[in-house]
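S.K.: sequence and predicted structure are below.
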Amino acid sequence: MDLAKYLSLFVTEAGEHLGRIGAELVRLEQAARAGEPLDASVDELFRRAHSVKGMAASMEQDGIAEVAHGAEDLLGALRRRSEAPSPEMVDLLLAACDAMTGMVARAAAGEAPTADPALVARIAAVGAPLQAPPVAAPRPVEAAGAPDAVVAAAPVRPVEAMVAAPNGARHRVTVTVRVAEGCPVPAVRGFLVLKKLSGLGGVVEASPSVDELRAGRIPERRLRVVLETAAPREAIARALSQIADLAEAAIADAEPVAAPVRAREPEKVEGARTLRVRADRLDHFLDLVGELLLATQRIREVGKTLPDDHRPRLEDEVDRLHGTVKDLHDQVMAVRMTPVSLATDPLPRAARDLARRTGKQVEVEVRGQGIELDRGVLEEIADPLLHLLRNAVDHGIEAPHLRLLAGKSATGHVAVSARRDRDRVVLEMEDDGKGMDPEKLRRAAVARGALTEAAAQALTARECLLLACLPGVSTADAVTDVSGRGVGMDAVKRAVEDVGGALDLESTPGLGTKVILRLPLTVAVQPVLLVRVGDEVVGLPIAKVHGAAHVDLAALETSRGAPVLPHDGRLVPVHELSALLGFAPPRGGPRAVVVADGEGAPVGLAVDALLGQQEAVLKPVSGPLARVSGLSAVTVLGNGRPVFILDVQRLLAA
């Protein structure tokens, strides 16, 4: 059987198992420290290590299987003795997990990586003292109710399964397996079972057949194979135990005489099926849907040139087409939506490793990880989140003895939460560390030359906290290999703003710091408000627009030399958008003012005209334009005219 066709599936599933192993090891260590029950975590780890071993063996990735086998043995010893692992043992298991992750990545590139002998020897040496002579039959691998339980291929009659055929004589056995409900591609597991069994003898009969398995059909997730072999049942059971996601497996003597043919039961219709799709194909699909949206806009513009008696019919058909394409776009975006857990799952492990290196005690709590965001947004903020966590652990959380002196618990706490706020997702990371000192940041910015003394003194406490996002401004007392070089927060802020989001900081000295990220649900297609400034047309994201008004700026009250517009119970400062963009001064008279999100508070932007709202397919700016402050994206109107989308916060900060 050609295993190459299943390589991508193996890489994906093994990666998921290894990711969960890393997260579960951190939870296990925390549960042991808190004196909580450990059986469930150890069982979960054992099952996943067993799954990785079985999948790797099936794919003939012997190096990965060897490391997984060692980890499985070590976890099995803990499982039998119901002991809590030491921090050093968790370090070793995490090292094994990291090694397998790297080997899986090399396997994805077509390699067959070998295991590190030193790592395998260390795992065996640590596990040796825990091994005890078996006093009873080992516990079954399955766990009741586990959605992805993997069951060792144990026969229905355990004693008979261990009896070998006399003198190596060939005999026929019937092997029946059922694939676990959690397996997304049960037919692939059927192929792997056939491959393993064919290596032990000749497959006389298979139901479903090979052709049906190729077509993805495996009724009731069951496979029945009649095998002619000289191998003992123990060898058959051992071969099946190497295949992951088998919920049941039984070996029995084949009937000596063919049984009467019975009418085949109709196949049951399975529920919703899951199909894995490559991310790049989904991205290409989204680009094509975006082009369809642009095409409908162009057709609408062309229709405006037709005679009046033909125009209504065309507009009706274009409306229908636009509605269909918009529904298609919404469905594609729904497929792209990914739980926040994609970016938050690695955080507890990262905090644990960093705490071990710095001699601190830190626990990470994640809430709202089921909230969904566009996969593209999540991929862009994954590294910034890790930066924020490293800052929290290295700069924020104090050493245990200092926390005790401050009246805190020795273990620091970092809370990561996600929630929906209209058409945005708010991600917050809050620690209970020493907090940030606004005055220290003010002095650091002046010393760095980022601000003059007068400008620094005019800043509010909140504005001083945001100075931490300026390049090179840091309050770290010492430079380490983790942080403290004055880099990181500026990159975080830039990455968040590049996807159309905003970053905010809250901190109380001695109590902790909260970093708030406000992120858009998607960056591909967004409604924008088109405005005219002089002879140019620019766009503003509707999500950041609070309202608009037509006013005479000369009639407005002023504050600090600038007009202010009463809006929603507050006075909003008004800026000339033409001046911010470097255009010619506007003519006098009444102006349109758009109230939009500014830096921490709404601002008014005076423009020449409001041109209406439009669904825009946004493309990121690149090249020299990417260095122009205030430009977040570009789109194309139905008449072919390119329009820049503005980032008001960055425009005001420029």
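M.R.: Perfect, I can see it now. Numbers count the residues shown, from 1 in each chain.
S.K.: okay, now the domains of the chain?
M.R.: Domains of the chain are assigned by automatic domain parsing as 3-130, 158-253, 282-338, 340-520, 525-653.
S.K.: now the terminal residues of the shortest one, how far apart.
M.R.: Meaning domain 282-338. Domain 282-338 has an end-to-end distance of 13 Å (CA to CA, to the nearest Å).
S.K.: what's the average pLDDT for that domain?
M.R.: The average pLDDT for domain 282-338 rounds to 83.
S.K.: gap between that domain and the chain center?
M.R.: 30 Å (CA atoms, centre = their mean, to the nearest Å).
S.K.: tally of neighbours for the closest residue to P520 other than its chain neighbours?
M.R.: Counting by CB to CB, 6 or more residues apart in numbering, P520 lies nearest to G500, which is 4.5 Å off, once chain neighbours are set aside. Backbone N, C-alpha and C define where each C-beta goes, glycine included. By other CB atoms under 10 Å, 23 other residues sit near G500.
S.K.: any idea how far G500 lies from A616?
M.R.: 12 Å (CB to CB, to the nearest Å).
S.K.: one more: L45?
M.R.: Counting by CB to CB, the gap from L45 to A616 is 48 Å.
S.K.: coming back round to it: give me the element the residue nearest to P520 is part of.
M.R.: Here G500, judged by DSSP states H and E, is contained in no helix and no strand.
S.K.: where in the stretch 1-150 of the chain is pLDDT low?
M.R.: Residues of the stretch 1-150 of the chain meeting the criterion pLDDT under 70: 1-2, 131-150.
S.K.: ok, back up a step: what residues are shared contacts of G500 and A616?
M.R.: Q526 (CB atoms under 8 Å, 6 or more residues apart in numbering).
S.K.: need the longest helix for the chain.
M.R.: Longest helix of the chain, by residue count under DSSP state H: helix 7-34.
S.K.: would you mind writing the CA trace of the helix or strand just after it as PDB?
M.R.: Toward the C-terminus, helix 7-34 is succeeded by helix 39-58 as the next helix or strand (DSSP H and E). Extracted in PDB, the C-alpha atoms of helix 39-58 (Å, rounded to 0.1, in the frame of the first residue of the first chain):
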ATOM      1  CA  ASP A  39      -5.700   9.300  37.200                       C
ATOM      2  CA  ALA A  40      -7.700  11.000  34.500                       C
ATOM      3  CA  SER A  41      -4.700  13.000  33.200                       C
ATOM      4  CA  VAL A  42      -2.400  10.100  33.300                       C
ATOM      5  CA  ASP A  43      -4.900   7.900  31.400                       C
ATOM      6  CA  GLU A  44      -5.300  10.700  28.800                       C
ATOM      7  CA  LEU A  45      -1.600  11.000  28.300                       C
ATOM      8  CA  PHE A  46      -1.200   7.200  28.000                       C
ATOM      9  CA  ARG A  47      -3.900   7.000  25.400                       C
ATOM     10  CA  ARG A  48      -2.400   9.700  23.300                       C
ATOM     11  CA  ALA A  49       1.100   8.400  23.500                       C
ATOM     12  CA  HIS A  50      -0.300   5.000  22.500                       C
ATOM     13  CA  SER A  51      -2.100   6.600  19.500                       C
ATOM     14  CA  VAL A  52       1.100   8.300  18.300                       C
ATOM     15  CA  LYS A  53       3.000   5.100  18.600                       C
ATOM     16  CA  GLY A  54       0.400   3.200  16.700                       C
ATOM     17  CA  MET A  55       0.100   5.700  13.900                       C
ATOM     18  CA  ALA A  56       3.900   6.100  13.600                       C
ATOM     19  CA  ALA A  57       4.300   2.300  13.400                       C
ATOM     20  CA  SER A  58       1.600   2.100  10.700                       C
END
